[in-house]
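Chemist: predicted coordinates and the sequence they were generated for:
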Amino acid sequence: MLSTIGDLGEFGLIARMTARFPHTDDVILGPGDDAAIVRAPDRRVVATTDMLVEGRHFRRDWSGPRDIGHKAAAQNFADIAAMGARPTALLLGFAAPAGLPVSWAEEFAEGLRAECALVGATVAGGDTVRSDSITLAITALGDLQGVSAVRRDGARPGDVVAVIGDLGLSAAGLALFLADSTVGHPECRAAHRRPAPPYAAGPAAAELGATAMLDVSDGLVQDLGHIAAASRVRVELQSSALLVPAVLSDAVRTLTRLGAIECAPVDLMLAGGEDHALAATFPEGTVLPPGWTVIGRVAEGEGVVVDGAPSDARGWDHFSVTS
Ligand SMILES: Nc1ncnc2c1ncn2[C@@H]1O[C@H](COP(=O)(O)OP(=O)(O)OP(=O)(O)O)[C@@H](O)[C@H]1O
Ligand SMILES: Cc1ncc(C[n+]2csc(CCOP(=O)(O)O)c2C)c(N)n1
Ligand SMILES: [Mg+2]
Ligand SMILES: [Mg+2]
Ligand SMILES: [Mg+2]
């Protein structure tokens, strides 16, 4: 018979999961005591929390436990990178039903471990409780390595706006799952299951003098609206500067044929969330490394305009009626 986390018990489950997380130099004391001790070489600690709720952020029939582990770590590490910092440690709040197979928890831990390994971080601690459905509450810590943090309030008129990383692929993957389409477009499905934030580009952008930065979690236009508001500027985007990947056009063609969506690929790039690309502003004349695409300018004023007009690209809001 399948063994469940209820059979293991709370402390058995903690032991099973934490056995997978390796030692790193940043974590002086990991799981096992009342709190972890994490090194803070810079003495300024970057800290962020994002939750994943079953049915809201993931479905177990769309994503496997490893995918969900990857995504839970990735969406938090993207926030650390968006400040210009390097992730050091992660704290895992794990709530799940007693009937959850032990293998699910172990594979989830494996996904977390693997995403941590991409940035050299590890799991330093957490909490484990029983609940009716799965909720994952992750806190990530990061180190600024001596650079100035890149906030949302530093964009200045004249700056260029640039992005790095995927845009719209996760939204296309989500639309494919929602449309009950079972075959095709593996890149978009994979992007939805396991976003691939360009972690190293965050600290690199800080070094280059980025004036503002964030990761795109809710949608490019909506998220840039946070930079516009915090910096009291207007962000002007040119949609033709967004390079539409062939895999996105292909998926949109399928989705249109299925009657699942009525929009162009670029609209998914402007409004789709969960890819965790980085969007940043840089002083004019900054030579950007390969991977960054300049998509607009910062001007005096407020809000975000696309191709000279206010955009109707709506991003994600957990409490809007359509979400
Ligand atoms: N319940 C809360 N208590 C305190 N601060 C919060 C709470 N929820 C959000 N915040 C803060 O509000 C700001 C915006 O949060 P938001 O979650 O939109 O940012 P994000 O994590 O970058 O985006 P996303 O969650 O879409 O990935 C952040 O600084 C966050 O710490
Ligand atoms: C089952 C299921 N239904 C819908 C979605 C879409 N979705 C959920 S949260 C979010 C924005 C970012 O979230 P947050 O702001 O919490 O980081 C998006 C686009 C999904 N991933 N799974
Ligand atoms: Mg958040
Ligand atoms: Mg963010
Ligand atoms: Mg959000």
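Modeler: That came through fine. Numbers count the residues shown, from 1 in each chain. Ligands and ions are numbered 1, 2, ... in the order given.
Chemist: please name every helix or strand in contact with the top strand by length along the chain.
Modeler: When the chain is parsed with DSSP state E, its longest strand is strand 86-96. Strand 86-96 sits against helix 65-82, helix 102-119, strand 122-130, strand 135-143, with contacts defined as 3 or more CB pairs under 8 Å, 6 or more residues apart in numbering; DSSP states H and E. C-beta: built from backbone N, CA, C; applies to glycine.
Chemist: avg pLDDT for the third one?
Modeler: Mean pLDDT, computed over strand 122-130, is 98.
Chemist: buried sites along that strand?
Modeler: Buried residues in strand 122-130, defined by neighbour count with 16 or more other CB atoms under 10 Å: Thr122, Val123, Ala124, Gly125, Gly126, Thr128.
Chemist: so which bits of the stretch 201-323 of the chain are right by ligand 1?
Modeler: By CB under 6 Å from any ligand atom, the residues of the stretch 201-323 of the chain that approach ligand 1 are Ser217, Asp218.
Chemist: around ligand 4, pick out the residues from the stretch 201-323 of the chain.
Modeler: Remark: the part of the stretch 201-323 of the chain in contact with ligand 4 comprises Asp215, Ser217, using CB under 5 Å from the ion.
Chemist: all strands of the stretch 201-323 of the chain, in order?
Modeler: In the stretch 201-323 of the chain, the strands defined using DSSP state E, counting those that start in this stretch lie at 212-215, 234-237, 278-282, 293-299, 303-306, 309-310.
Chemist: who's in contact with the last one?
Modeler: The one in question is strand 309-310. Here strand 309-310 makes contact (CB atoms under 8 Å, 6 or more residues apart in numbering) with Gly303, Val304.
Chemist: quick one on the thing from earlier: from the buried residues of strand 122-130, which single one is nearest ligand 5?
Modeler: Ligand 5 has its nearest neighbour among these in Gly126, at 22.1 Å by CB to the ion.
Chemist: now the longest strand of the chain: mean pLDDT?
Modeler: Taken as a whole, strand 86-96 has a mean pLDDT of 98.
Chemist: and Gly158, how many neighbours?
Modeler: Around Gly158 there are 15 other residues, counting by other CB atoms under 10 Å.
Chemist: am I right that it is in a strand?
Modeler: No. Under DSSP: H, G, I helix; E, B strand; the rest coil, Gly158 sits outside any strand and is assigned coil.
Chemist: from Leu237, how far out is it?
Modeler: Gly158 sits 16 Å away from Leu237, going by CB to CB, to the nearest Å.
Chemist: for the residue at minimal distance from the centre of the chain, what are its contacts?
Modeler: Residue closest to the average C-alpha location in the chain (CA atoms, centre = their mean): Gln75, at 2.9 Å. Gln75 sits next to Asp50, Leu52, Ile138, Pro195, Ser217, Glu274, His276 when contact means CB under 8 Å, 6+ apart.
Chemist: what do you get for Arg16?
Modeler: By CB under 8 Å, 6+ apart, the contact list for Arg16 reads Leu8, Val102, Ala105, Glu106, Ala109.
Chemist: SS state for it?
Modeler: Classification of Arg16 using three-state DSSP returns helix.
Chemist: farthest-separated two in the contacts of Gln75?
Modeler: Ile138 and Glu274 (14.9 Å; CB to CB).
Chemist: next, count neighbours for the residue in the chain positioned nearest to ligand 1.
Modeler: Ligand 1 sits closest to Ser217 of the chain, with a gap of 3.1 Å, by CB to the nearest ligand atom. Neighbour count of Ser217, defined by other CB under 10 Å: 22.
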